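1. please find the sequence and the predicted model below.
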Amino acid sequence: MASGPKVVAVAGGTGFVGGAIARELASRGERVVVLSHRKRPVAPGSVEIRAADVTRPDDLAAALAGVDSLVISLAFPNSPVEAPRRGRTFELVDAAGTEALVAAAKRAGVRRIVYLSGAGAAADAPKHWFRAKWRAEEAVRGSGITYTILRPSWIYGPGDRSLNRFLGMARRLPFVPQIGNGRQLMAPVFVDDVAALAADALATPAAENATLEVGGPETLTMDEIIRTALRVQGRRRFILHAPVILMKLMTAPLTLLPVPPMRPSAIDFVVQAAPVDTAALSAVLPRRLRPLDEALATYLKRK
Ligand SMILES: NC(=O)c1ccc[n+]([C@@H]2O[C@H](COP(=O)([O-])OP(=O)(O)OC[C@H]3O[C@@H](n4cnc5c(N)ncnc54)[C@H](OP(=O)(O)O)[C@@H]3O)[C@@H](O)[C@H]2O)c1
């Protein structure tokens, strides 16, 4: 093991959630290393980048040299729209990729893991993405490495690819398009709060070997989330709901493409509810989590 200050590696640290975690850890004085599988990755801030593709297990040992703690925040490109012909699936990246990374972490002597799972992960979940997350969780739990598993509900923030997409459309259109009836319940949680919780977990003995559901202080429907964001921006738009079945029929032919921009299973993913029970989280990692309007006002401009 290399000597010197302890290293915290963030797999997925170029991403939306992992980037926020890497920045939070760096702001707390940790020596952060971001693992990336891209040829020319862009690091969040001035942290070190190391090459690591979790679908190539042989490459992972070098990336984890000297790493004391590992945060895993992986998602394949354009998740949840799978592209099996390019190896972009929940099974290959979320499940097998995490299994390979955890096995390499064990060999490298990593002492602590925080794994970003998702609300709904279960062995017998009807949706394959939740079974993949469960497989990843089981690899973490069975590794013998001290862990914390976070299962977030729906995460939003300046770099998200969901709420920002709707708000981008609202700039050009008199309405906000929405797949489904907009009644699915979420506990929206601000990405900076998730990052703070992940960093807290690494430093909190009570969070050791815990699996915690993570959500913000409110449970809201998707329509309520969009209406709140429009209000914070000072915009008046109506929400135009497109039926799920119609969107699935329209996107079915796209599955013939090597990298489909959308597919029916991803429609199911985006319209699913993500309720959480945060009682254990509040007990183990107490922290004030920002309500939606307060957090949105930190980065959305009024028109
Ligand atoms: N966003 C949400 O609302 C939400 C809610 C609940 C749970 N989560 C969970 O949070 C995690 C992160 O989500 P996110 O929204 O931050 O996704 P994201 O922005 O797409 O980031 C995912 C990261 O995974 C890395 N990655 C992709 N393929 C890889 C590979 N083969 N090898 C190594 N790294 C690879 C990418 O880094 P490079 O391209 O640089 O390699 C990317 O930075 C996921 O596990 C997700 O399920 C997210």
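-> Done, it's in. Computed from a predicted structure; not experimentally measured. Numbers count the residues shown, from 1 in each chain.
2. which residues touch residue 26?
-> Taking Cβ atoms under 8 Å, 6 or more residues apart in numbering, we find residue 26 in contact with 32, 45-47. Placement of C-beta: from N, CA and C, glycine included.
3. spatially, what comes nearest to it if we skip its sequence neighbours?
-> Once flanking residues are discounted, residue 26 sits nearest to residue 32: 4.8 Å by Cβ to Cβ, 6 or more residues apart in numbering.
4. next, count neighbours for residue 204.
-> When neighbours are counted by other Cβ atoms under 10 Å, residue 204 registers 15.
5. what does the one 5 residues further on give?
-> Residue 209 has 11 neighbouring residues, counting by other Cβ under 10 Å.
6. and the residue nearest to residue 26, that's in a strand?
-> Yes - Residue 32: assigned to a strand according to DSSP: H, G, I helix; E, B strand; the rest coil.
7. which residues are in contact with it?
-> Residue 32 makes contact with 7-10, 13, 22, 25-26, 47-48, according to Cβ under 8 Å, 6+ apart.
8. from these, which single one is nearest the ligand?
-> Nearest to the ligand among the contacts of residue 32, counting by Cβ to the nearest ligand atom, is residue 13 at 6.6 Å.
9. pretty sure the closest one contacts residue 45?
-> No - Residue 13 is beyond contact range of residue 45, at 9.9 Å (criterion: Cβ atoms under 8 Å).
10. beta partners for the residue nearest to residue 26?
-> Using DSSP bridges, the beta-bridge partners of residue 32 come out as residue 8.
11. that one and the ligand, how far apart?
-> 14 Å (Cβ to the nearest ligand atom, to the nearest Å).
12. how about the residues of the protein near the ligand?
-> 11-12, 14-18, 36-38, 41, 52-55, 73-77, 79, 93, 97, 116, 118, 152, 154-155 (Cβ under 6 Å from any ligand atom).
13. would you agree residue 290 falls within a strand?
-> No - counting by three-state DSSP, residue 290 falls outside a strand, being coil.
14. mind listing what it touches?
-> Residues near residue 290 by Cβ under 8 Å, 6+ apart: 190, 193, 216-217.
15. what subset of those is buried?
-> Among the contacts of residue 290, those buried by neighbour count (16 or more other Cβ atoms under 10 Å) are 190, 193, 216-217.
16. closest one of those to residue 239?
-> Nearest to residue 239 out of the buried ones among the contacts of residue 290 is residue 216 (Cβ to Cβ; 20.7 Å).
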